[in-house]
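>>> 3D model of this:
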Amino acid sequence: MSDYHRYNEGMLRPVLSGTRPGAELPMTFETAWEVVNKVGGIFTVIKSKVPQSVAALGDQYCLIGPVNEEQAKTEVEVQEPRSVAMATTISKMRAAGVRVIYGRWLVDGAPNVILFDVNASYNRAEEWKKDLWENTGIGCPWEDKEANNAIVFGYLVAWFLGEYKHQAGDQAVVAHFHEWQVGIGLVLARLRRVQVATVFTTHATLLGRYLCADQSIDFYNHLPYFDVDAEAGKRGIYHRYCMERASVHSAHVFTTVSKITADEAEHLLKRKVDVVLPNGLNVVRFSAMHEFQNLHAKAKEKIQTFVRGHFYGHMNFDLDKTLYMFTAGRYEYRNKGADMFIESMARLNQMLKMAQSDTTVIAFMIMPAPTNNYNVESLRGQAVTKLIHETVNDIQRKIGTKMVEYVQQGQLPPASLLDQEDVVKLKRAIYTTQRKTLPPVVTHNVINDEKDEILNHIRRVQLFNSDNDRVKIIFHPEFLSASNPLLPMDYEEFVRGCHLGIFPSYYEPWGYTPAECTVMGVPSVTSNLSGFGLFMEEFVDEPSSYGIYVIDRRFLNPDESINKLTSYLYDFCGLNRRQRINLRNRTERLSDMLGWNNLAEYYTRARQMALGRAYPERYMEQERSAEDFKRRASASNSPRMPPLTGQDLADDEPPMEQLAI
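Below you'll find the predicted structure:
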């Protein structure tokens, strides 16, 4: 039995077939700090899953979160509840001084949403903290504002659930909580014996993040041996750890997003995971395969415009033989694999030079860091490119007009239509491309750049964008946006324009970045310490044949892992255009695996398991066979396919219209 099968055995049937006669569709509340509050990756999980949740549950599905004033004003259509129980509950809480916003979140699916204003109820924080201490033994220091907010929010959610259940009578209720910031509501609901079925999901354990950030700790090899209370205490997060662990042990069903995090949670939170809930995306498939290839070509042209400006004066490489690779995410130098990315690029540079390859690699690092502005050289490069384009375009228009005049007179235009003024303009444009410095490795002025880990690593391996370097590196310490004066592209468009995403993470509970690459048909590198990497190894035979390269970071030492990654990159550089098109087609073929239309079922099953435990007289648990689970986990047109050889990749003919891209 496979790992995912083991973690997901004992599931329930779909809601209607898994209920006892006469049972109704339960009311489902999903609670997260990221509801209408874009502050982390869980926001993507919640928002992208909404259409599937609403399609399955309709008005029986409602999200709960805190009030973020700016987003609430623009993203929530305030309404009055249609349900009597809901209207009465909110009315009573408002009468008691609680500020509640109820309405529709204006995203795909338009779910009902309830937002509680934590600041408006903060005057009760001391009273509620005292009550929490007396009932659970969990204390919280005053200076930890985030934890104090979590307590206030938790009490508001527990208050709401208790009152709603009282008003709704016998209606079954499921309350699903994401992460420790909202877990106090779950703990209080169980303490007060509110009859709701509870599910708790940890997307990454709190202590795990702190331990992995410590480079002196071999996290995965020491996982079974940590003194969790002592480790949390040493890092000043013991009160937060207690909140998380209490939430885990109070829930009817405990879930996480991947097998790697399930193992971590079992050791650090001391409870086995009931169900693994892989993270999904909204997948938009194109009716014709060449459509997403066309998007790649258009986005690549925008990246090339930036590259021409950034490397002005040093454009001694052929853009038609240039590959764009990137890594992106939070600035976590070790956890996100930035160290391995830079080291592998340095080794790839040496290998390409030794092989006298004419392929150039532009390696982007998109990771936000403290900056005070764009650096002057980066801005000057784009200005120079703009000037050259304007000069050449003016001369083109002028020459075009002259050619029309000659043809209308019945004459062939002379070989040269450039006059002296045009020649002077072009010479001036050529002189502007001269520079005495090398192209910068960073696009912004990084604050305390002498202490920046990424920049220090780049200096250590001497990737300075020299003329003889086959790998050029660009550190962009800011998330991308269409209003960026240097690289005016949003993240999705940038990803589409690249050839390969590289995410060799050391700590990655799931890994949305390689998943996003996959649904856009962009090959990627991930690791077997990420949930996404394990998921692909579990459900795809020979993932590398489909453009998913999984680096072993758990059982190889760092140097061996870097060599393996460098080997993958070198082989990728050896693919021709036809082979890269084939590979993108195959990568995109896996996108259905990652769509919520498939993965939302895991959430349904977790909630039904909770219903079976909270309302055993009304909802049944029924085991599923491993074979049935495997079949449903593998979409018909994506996963378990026979391994492909390099020759297969070369001979797999793409449509002719793609070869022109």
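>>> Return the residues in contact with residue 28.
Taking CB atoms under 8 Å, 6 or more residues apart in numbering as the definition of contact, the neighbours of residue 28 are 53, 57, 60, 61, 62, 173, 174, 176, 607. Placement of C-beta: from N, CA and C, glycine included.
>>> Make TSV out of the residues you listed and add neighbour count and distance to residue 496.
Supplementary listing: these in TSV, determined by neighbours: other CB atoms under 10 Å; distance: CB to CB, whole Å:
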residue	neighbour count	distance to residue 496
53	23	28
57	20	33
60	21	37
61	22	32
62	21	35
173	23	42
174	25	38
176	27	33
607	27	35
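>>> Could you tell me which of these belong to helices?
Using DSSP state H to define helices, the subset of those located there is 53, 57, 607.
>>> Would you mind giving these as JSON lines with distance to residue 495 added?
Formatted as JSON lines, those follow (distance: CB to CB, whole Å):
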{"residue": "53", "distance to residue 495": "26"}
{"residue": "57", "distance to residue 495": "32"}
{"residue": "607", "distance to residue 495": "33"}
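>>> thinking again about what came up before, closest to residue 419 out of the contacts of residue 28?
Nearest to residue 419, judged by CB to CB, of the contacts of residue 28 is residue 53 at 67.1 Å.
>>> I'd say that closest one and residue 60 touch.
No: the pair residue 53 / residue 60 is not scored as a contact, 9.9 Å apart, by CB atoms under 8 Å.
>>> Any regions of the stretch 501-650 of the chain where pLDDT drops low?
When residues are selected by pLDDT under 70, those of the stretch 501-650 of the chain lie in 621-650.
>>> One more pass at 50, please.
Of all residues in the stretch 501-650 of the chain, those with pLDDT under 50 make up the ranges 622-647.
>>> hey, where'd the helices end up in it?
Listed from the start of the chain, the stretch 501-650 of the chain has helices (DSSP state H, counting those that start in this stretch) covering 512-519, 531-539, 558-573, 577-589, 596-614, 626-633, 646-651.
>>> Ignoring the adjacent residues along the chain, who's closest to residue 455?
Nearest residue to residue 455 in three dimensions, chain neighbours excluded: residue 449, at 5.3 Å (CB to CB, 6 or more residues apart in numbering).
>>> mind checking how far residue 580 is from residue 478?
Going from residue 580 to residue 478 by CB to CB, to the nearest Å gives 29 Å.
>>> more crowded one of the two?
Here residue 580 and residue 478 are compared on neighbour count by other CB atoms under 10 Å; more neighbours surround residue 580, at 20 against 16.
>>> quick one: which of the helices of the stretch 501-650 of the chain is nearest residue 99?
Comparing the helices of the stretch 501-650 of the chain against residue 99 with CB to CB, the closest turns out to be helix 596-614 (28.9 Å).
>>> what angle separates the closest one from helix 531-539?
Orientation of helix 596-614 against helix 531-539 (axes from the mean of the first three to the mean of the last three CA atoms, to 10 degrees) gives an angle of 90 degrees.
>>> Which positions in helix 596-614 come out as buried?
For helix 596-614, burial by neighbour count (16 or more other CB atoms under 10 Å) applies to 596, 598-614.
>>> what stretches of the stretch 201-350 of the chain score poorly on pLDDT?
Under the criterion pLDDT under 50, the flagged ranges of the stretch 201-350 of the chain are 287.
>>> cutoff 90 now
By pLDDT under 90, the weakly predicted segments of the stretch 201-350 of the chain are 213-216, 218, 282-294, 330.
>>> Leaving out chain neighbours, which residue sits closest to residue 504?
Counting by CB to CB, 6+ apart, residue 504 lies nearest to residue 337, which is 3.7 Å off, once chain neighbours are set aside.
>>> what about the one you found, neighbour count?
Residues near residue 337, counting by other CB under 10 Å, number 30.
>>> which residues does it contact?
327, 502, 503, 504, 505, 506, 527.
>>> same for the host helix or strand of the first one, what does it pack against?
Put plainly, it is residue 327. Using DSSP states H and E, residue 327 falls within strand 322-328. The helices and strands touching strand 322-328, judged by 3 or more CB pairs under 8 Å, 6 or more residues apart in numbering; DSSP states H and E, are helix 289-310, strand 360-366, helix 491-497, strand 500-502, helix 558-573.
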